[in-house]
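**Q** Have a look at this fold, sequence not included:
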């Protein structure tokens with residue numbers, strides 16, 4: 001596991017515990033290159049949803065919607081090519097089921 005995936009995993013853990021501020025602080029430690037990864041953008045969307053900051057959530061969700069399909073497929077190596085992407089809506093919140101790329 002690379003350093004950036006460790007930060008993402010920590011942020012996911014904080015988010016699962018209902019601690020969005022701590023999750024956001026973990027992601028703040030990422031480089032700008034890693035911060036633009038779809039997995040990180042998706043996690044930011046979840047953070048702002050938990051914080052009920054709808055404007056920020058919308059901004060990050062728009063980045064996901066506007067991402068080219070080729071980028072979505074590349075970010076989920078090993079996932080089914082026809083899944084968009086394997087993240088799903090569950091229990092009225094965004095699921096945390098994601099793939100883990102090996103490096104930035």
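**A** On my side now, so go ahead. Model, not experiment: these values are computed from the prediction. Numbers count the residues shown, from 1 in each chain.

**Q** Show me the strands in this structure, by range?
**A** Taking DSSP state E, the strands of the chain run over residues 89-90, 93-94.

**Q** Of the ones you listed, which shows the lowest average pLDDT?
**A** Of all the strands of the chain, the minimum mean pLDDT falls on strand 89-90 (a mean of 38).

**Q** And the lowest mean pLDDT element among the helices and strands of the chain?
**A** None of the helices or strands of the chain scores lower by mean pLDDT, DSSP states H and E than strand 89-90, at a mean of 38.

**Q** Ramachandran angles for residue 31?
**A** Per-residue torsions, residue 31: phi -70, psi 160 (degrees, to the nearest 10).

**Q** pretty sure it contacts residue 4?
**A** Yes. Look at residue 31 against residue 4 with C-beta atoms under 8 Å: they come within range, at 7.4 Å. Yep, even glycine has a C-beta here, placed from its N, CA and C like the rest.

**Q** higher neighbour count, those two?
**A** Remark: of residue 31 and residue 4, residue 4 carries more neighbours, 21 against 10, as counted by other C-beta atoms under 10 Å.

**Q** I'd like the distance between the residue lying closest to the more buried one once chain neighbours are set aside and residue 55.
**A** Once flanking residues are discounted, residue 4 sits nearest to residue 34: 4.3 Å by C-beta to C-beta, 6 or more residues apart in numbering. Distance of residue 34 to residue 55, computed by C-beta to C-beta, to the nearest Å: 24 Å.
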